[in-house]
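S.K.: just to be clear, the model below is a prediction. Sequence and coordinates:
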Number of protein chains: 2
Amino acid sequence: MAATHLMGPVLVVGTGLLGASIGLGLRQRGLEVRLSDPSPTAQGVAQDIGAGTILAPGEQLFPQLVVVAAPPDVTAAVVSRALREHPEATVVDIASVKSSILAALRSDPDLGPDQLRRYVGTHPMAGREKSGPAAARGELFTSMPWVVCAHPDADEESVRTAMDLGIDLGATVSRMDALEHDASVALVSHFPQVAASLIASRLLNAPSHALSLAGNGLRDTTRIAASDPKLWIQILSHNAPQLVGILHGMREDLDRLIGTLEAPSAPGALLDLAELMAEGNAGRARIPGKHGAPPQAFGVVTVLVDDKPGQIARLLADIGAAGVNVEDLRMEHSAGHQVGMVEVSVVPGRRQELIDSLTNIGWKVVQ
Amino acid sequence: MAATHLMGPVLVVGTGLLGASIGLGLRQRGLEVRLSDPSPTAQGVAQDIGAGTILAPGEQLFPQLVVVAAPPDVTAAVVSRALREHPEATVVDIASVKSSILAALRSDPDLGPDQLRRYVGTHPMAGREKSGPAAARGELFTSMPWVVCAHPDADEESVRTAMDLGIDLGATVSRMDALEHDASVALVSHFPQVAASLIASRLLNAPSHALSLAGNGLRDTTRIAASDPKLWIQILSHNAPQLVGILHGMREDLDRLIGTLEAPSAPGALLDLAELMAEGNAGRARIPGKHGAPPQAFGVVTVLVDDKPGQIARLLADIGAAGVNVEDLRMEHSAGHQVGMVEVSVVPGRRQELIDSLTNIGWKVVQ
């Protein structure tokens, strides 16, 4: 039973995927967790999977921390009630937008400045394809970013408590103000989400002979277009102002590109295309690498493997035996594959060595 | 030495990555391959790596097949010369755009209809980050799509020869007409390429605290934005008409989205967002799965692994031992990771079984 910074008890209000996962993770670390959800089923399932025990109606509880894990559009109201019902507790929310919620709380007639001091907005950047308490996992936040957005008037003790929550759950905790956070997630999360949807929408009426030529390029750019619309609609509408600015910038580039491609032999057309590609290269290169390290170009080794159980395991066992760490691994998915191709990324210094040792023991190395 | 459908000799004109890889692959299968490139260095390197032997100046050769592997903007001229210099040979090109090249050949005053009958446009959909003959690999085309675009007047024998080239190199050969091909690659290849560049361009001036929150969503949507501009500029300008139509469609969706987000509380705004997301879901779902099979939703099992050599190998060895085939594998790359997370995709029917057996032998399964 791991030691925790939090003392508890912790009240989790809203026992969906994230709320139940928080309860489960804290219980696994030995803290007292109580649960509350408007849906009897949701809080019942959460209790059954061990995320905590349901708070009885009218029961008196003096939690150290209340975690509001409600949908974005009701979060402010639930936080407001929690601040009033638990005058000693720190209250945090975990919605993926922060400014609109803080604004709603500041303009809440039922809340005094003293009460608002105990509120700290946070955003754990973790999730799953599935939703609901049955999908909860105590390790969901392990090593994932957890942003703490303390407003200027927040008690330092409450901020500390909010950070302890993320730390106790194994997350990588950082601090930003609400606007910084919303601008950041608009760019690195909400913008790619809508962009992927815009790209995938073009496939709706495509002939299947075209789609049969799809490779990893199309697959990667559209993967998150498969996301569940329900939550995203709330997120996008709550963070609309931040997102719109980015989309205006994209539209300017898109208009420029369309103009160029409508007269591809006009003077300067090729230069325009070169600039677009170069800007894309430079922007892509700014994304940090694994472990938040500066972006690094890994050496890629592509190996042919039979598409049957154990082959990739054999390959990686041989790589491990060579003492080389796999920084990334991709499986080639072009339609028509019978032989699998596996792209293994390693630190550039070890690439040739790995190619040699794999070739020596009979692997077909493509690159 | 594998049997081949081609008889040879095969003359490869242009010994860059693709030309040299074709020569190498055909040599490995025992065919006679001759090489020619305006750059003495390029054809010298190609010969050194075993892609064939350099054609001596003025030497008489009667090839069965001439493969023109020149850059798109000179391909038509090189094909035209090859058709005239080798009156018995089938001449194919491998440029990734087909209509503009066919149009140029049809309007070539030096070419008669009899000569054009021996031309067949093709497009092997394979490549590498690196270019040049030194990066050539004989297996580069294994299981990759290779589209044959025969024009209506092409000899059936020449079409057969063109298809034999792809088959002998282990590719998955299919037939389309040139316009179908160009429309298809505009959608599944050229459009995602420029879209990824448009997304990545937005990161150019982003604050680093924003980029530190980047997850796999942003990484996947921008991965191909790292592509080398040189070749792409030619491809995009040659296929501009096909690409522009798709970009106009994207701009309409983008304008609608911007309008919606500028008034997120207007009636119908949430419905508009829901429609965009739903269209993205539906478009994404149309991309075929592995082996060209219909799209399939795989069961995903996420496992925590220590980030050191051999761990993923151990995991996959245990999966192989359980007799479950790995359909796809992704490594979680959120900045800040110290523990690695590996997402393993398996056929849904085996998911729970795999989770159980992995958990039994001590793996931390997150989902």
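M.R.: Structure received.
S.K.: next, the angle from the longest helix along chain A to helix B:240-262.
M.R.: For chain A, the helix that runs over the most residues, judged by DSSP state H, is helix A:240-262. Angle of helix A:240-262 versus helix B:240-262, following axes from the mean of the first three to the mean of the last three Cα atoms, to 10 degrees, is 160 degrees.
S.K.: near chain B, anything from helix A:240-262?
M.R.: Yes. Using Cβ under 8 Å from any Cβ of the partner chain as the criterion, contacts between helix A:240-262 and chain B involve A:240, A:243-244, A:246-251, A:253-255, A:257-258, A:261-262. Bear in mind the C-beta positions are built from the backbone N, C-alpha and C, glycine included.
S.K.: what pLDDT, on average, does that helix get?
M.R.: Mean pLDDT, helix A:240-262: 96.
S.K.: can you list the buried residues in that helix?
M.R.: A:240-244, A:246-247, A:249-251, A:253-254, A:257-258, A:260-261 (16 or more other Cβ atoms under 10 Å in any protein chain shown).
S.K.: likewise stretch A:15-30?
M.R.: Going by neighbour count (16+ other Cβ under 10 Å), the buried part of stretch A:15-30 is A:15-29.
S.K.: could you show me where the strands are in the stretch 151-300 of chain A, in order?
M.R.: Under the criterion DSSP state E, counting those that start in this stretch, the stretch 151-300 of chain A contains strands at A:172-175, A:299-306.
S.K.: which of those sits closest to B:Thr122?
M.R.: Nearest to B:Thr122, of all those, is strand A:299-306, at 22.7 Å by Cβ to Cβ.
S.K.: how far off centre is the helix or strand following the closest one?
M.R.: Where DSSP states H and E defines the elements, the next helix or strand beyond strand A:299-306 is helix A:311-321. The chain centre lies 30 Å from the centre of helix A:311-321; the measure is Cα atoms, centre = their mean, to the nearest Å.
S.K.: quick one: strands adjacent to the helix or strand just after helix A:311-321?
M.R.: On the C-terminal side of helix A:311-321, the closest following helix or strand by DSSP H and E is strand A:328-331. Sheet pairing of strand A:328-331 (DSSP bridges) gives strand A:339-346 (antiparallel).
S.K.: hang on, the earlier thing: lowest average pLDDT across the strands of the stretch 151-300 of chain A?
M.R.: Note on the strands of the stretch 151-300 of chain A: lowest mean pLDDT is at strand A:299-306, with a mean of 79.
S.K.: and the residue in the stretch 1-150 of chain A that chain B sits nearest to, its phi and psi?
M.R.: Nearest to chain B in the stretch 1-150 of chain A, going by Cβ to the nearest Cβ, is A:Ser143, at a distance of 4.5 Å. In terms of degrees, to the nearest 10, the main-chain angles of A:Ser143 are phi 70, psi 10.
S.K.: that one touches A:Leu169, doesn't it?
M.R.: No. Using Cβ atoms under 8 Å, A:Ser143 is not in contact with A:Leu169, being 10.3 Å away.
S.K.: now A:Asp155: how far from A:Ile94?
M.R.: Distance from A:Asp155 to A:Ile94, counting by Cβ to Cβ, to the nearest Å: 19 Å.
S.K.: report the beta-bridge partner residues of A:His123.
M.R.: If you apply DSSP bridges, the partners that A:His123 bridges to are A:Val147.
S.K.: report pLDDT for it.
M.R.: 97.
S.K.: what do you get for A:Asp110?
M.R.: Looking at A:Asp110, its pLDDT is 95.
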